[in-house]
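K.L.:
After the sequence you'll find the predicted model.
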Amino acid sequence: MEFGEEIRKAKHSIAQIGNFGLLLLWCILHFLVNVWYFLLEIVHAVEGYFISSGLLKRYKALNLGKLRYLAIVVGSEEAYQTSEITKLLQWLETIGVKHVCLYDTEGVLKKSKEAILEKMNNATVFQEADENDKLLDLKHMSLEFASYSDGKGAVAKAANLLFTKYITSANYGGDQEHRIFTEAHMTEALRAVGSGGPEPDLLLAYGPTRCHQGFPAWRIRYTEIIHMGSLKSMRHGSLLKAIYKFTMVRQNFGK
């Protein structure tokens, strides 16, 4: 009995040593990963400083011919940071970006658009008589505010329009072929209800998640998407680098 008890204690001690070893290994790996990301942040910060200061010549003259429309997607928490949003827009205006779409899921930016525009230096706003118009023209840049509800409502209106055409075709004995809806029909219907919108060439996502956060899918079929990290830690150099990398990418479109 004593011999069996000693074996049991030995096994228990070995198991404890094994668990301690695994915990120590996990802590070491966690420490190394944190050090790696810390060093990356330092490298990115130094690189951003060099880019912003103009020491890296290739970032001085950006070819914005490919960047006709830019989308900025921010997370729900970041959308409340109007000062950071304003700073980002000012940077884009200085860089020379002409058309920008600001998007967040819950529509916080749409509610804060007046505050954002008031903070923009030398901003003159032209709003059409139609209160549903979302496109605002600044002095050097057009600005669109969008949210998840815009896309959801647009799909419902487009589907209703297609359904009406289907019923009309069925009542008048139309061909079965004309009752089959394709992507082209949906795109046409979205344009007909005023929600087609231009397709962004580049989408910059700010926030914790690496996704477009519900930005209308039919508008980003060929859009390049880049995750920029937290809005609080945004840097002018990182913005220039992202736009520069996009302008240097060769896009191939299949049929």
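P.N.:
Thanks, I have the structure now.

K.L.:
All the helices of the chain, in order from the start?
P.N.:
2-53, 82-95, 108-111, 113-119, 148-171, 183-192, 236-248 (DSSP state H).

K.L.:
CA-only coordinates of the shortest one in CSV, if you can.
P.N.:
What that stands for is helix 108-111. Output of helix 108-111 as CSV, limited to C-alpha atoms (Å, rounded to 0.1, in the frame of the first residue of the first chain):
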residue,chain,number,x,y,z
VAL,A,108,-23.3,57.6,-35.5
LEU,A,109,-21.4,59.6,-38.1
LYS,A,110,-24.6,60.6,-39.8
LYS,A,111,-25.9,62.0,-36.6
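
K.L.:
Pull out the buried positions in that helix.
P.N.:
Of all the residues in helix 108-111, those buried under the rule 16 or more other Cβ atoms under 10 Å are 108-110. Any C-beta I mention is one placed from the backbone N, CA and C, and that applies to glycine too.

K.L.:
And this structure, split by domain according to the record?
P.N.:
Using automatic domain parsing, the domain ranges for the chain come out as 1-57, 62-248.

K.L.:
Poorly predicted segments of the chain, please.
P.N.:
Low-confidence segments of the chain, defined by pLDDT under 70: 1-7, 9-12, 44, 121-139, 150-197, 250-255.

K.L.:
For residue 84, state which of the buried residues of helix 108-111 is nearest.
P.N.:
Of all the buried residues of helix 108-111, residue 84 sits closest to residue 109, with 11.7 Å by Cβ to Cβ.

K.L.:
Next, work out how far apart the closest residue to the closest one other than its chain neighbours and residue 31 are.
P.N.:
Spatial nearest neighbour of residue 109, excluding adjacent residues (Cβ to Cβ, 6 or more residues apart in numbering): residue 102 at 4.9 Å. Computed as Cβ to Cβ, to the nearest Å, the residue 102 to residue 31 distance reads 39 Å.

K.L.:
So for the two, which sits in the more crowded spot?
P.N.:
Ranked by neighbour count (other Cβ atoms under 10 Å), residue 102 and residue 31 place residue 102 first, with 25 against 10.

K.L.:
Let me see the contact set for the more buried one.
P.N.:
Neighbouring residues of residue 102 by Cβ atoms under 8 Å, 6 or more residues apart in numbering: 72, 74, 85, 89, 109, 143-146.

K.L.:
repeat for residue 116
P.N.:
82, 85-86, 89, 109.

K.L.:
Can you tell me which of those residues has the most neighbours?
P.N.:
When those are compared by neighbour count (other Cβ under 10 Å), residue 85 ends up highest, at 26 neighbours.
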